[in-house]
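> Sequence and predicted structure are below.
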Amino acid sequence: MKKEAKLHIMIIMIGAIILIMSAFHTNIEQDQLYTIDVNELSVKEAIEVLSEDVHPIGYYMLLRIFTTLFGKSVISCRIFSVIPIIILGIVRIYTYQKRFWRKDRKNFFILRILFTDYDCGS
């Protein structure tokens, strides 16, 4: 394996660990409470509530499936929010950057995605 590939894997793993760890904090914010409340509604009621709001309905339907499989807790909702960030970091490394970015900027971009202070609440 090339040295650069090992570096990318290490950056992704460290970034993923930090993001997942951030999902386990004990503070609950208003948006997270809203997400949990909407997730507790029936599908019909959730669609009615969300159609009058700015929140994306698709996100909440996917979250409903995820929490049905992995439990309805704040932590599972936060982990659901972390997964796309990690996937974005991986996809960016191995697709777009090979075509559009210079090699010296690739590592900076990966670090930027994975180590930005995201609110990993829902």
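It's in.
> count of residues packed around the nearest residue to residue 47 once chain neighbours are set aside?
In space, residue 47 comes closest to residue 57 once its chain neighbours are excluded; the distance is 6.1 Å by Cβ to Cβ, 6 or more residues apart in numbering. All C-beta spots, glycine's among them, are computed from the backbone N, C-alpha and C. Residue 57 has 14 neighbours, counted by other Cβ atoms under 10 Å.
> What are the neighbouring residues in contact with residue 55?
34, 38 (Cβ atoms under 8 Å, 6 or more residues apart in numbering).
> separation between it and residue 38?
Residue 55 is 8 Å from residue 38, where distance means Cβ to Cβ, to the nearest Å.
> Distance-wise, check residue 27 relative to residue 74.
Using Cβ to Cβ, one gets 10 Å for the distance from residue 27 to residue 74.
> same thing with residue 42?
Distance, residue 42 to residue 74, using Cβ to Cβ: 21 Å.
> okay, those two: which has more neighbours?
The residue with more neighbours, out of residue 42 and residue 74, is residue 74; 20 against 8, by other Cβ under 10 Å.
> What helices and strands are in contact with the helix or strand hosting residue 9?
Assigned by DSSP states H and E, residue 9 belongs to helix 3-22. For helix 3-22, the packing partners by 3 or more Cβ pairs under 8 Å, 6 or more residues apart in numbering; DSSP states H and E come out as helix 74-91, helix 103-115.
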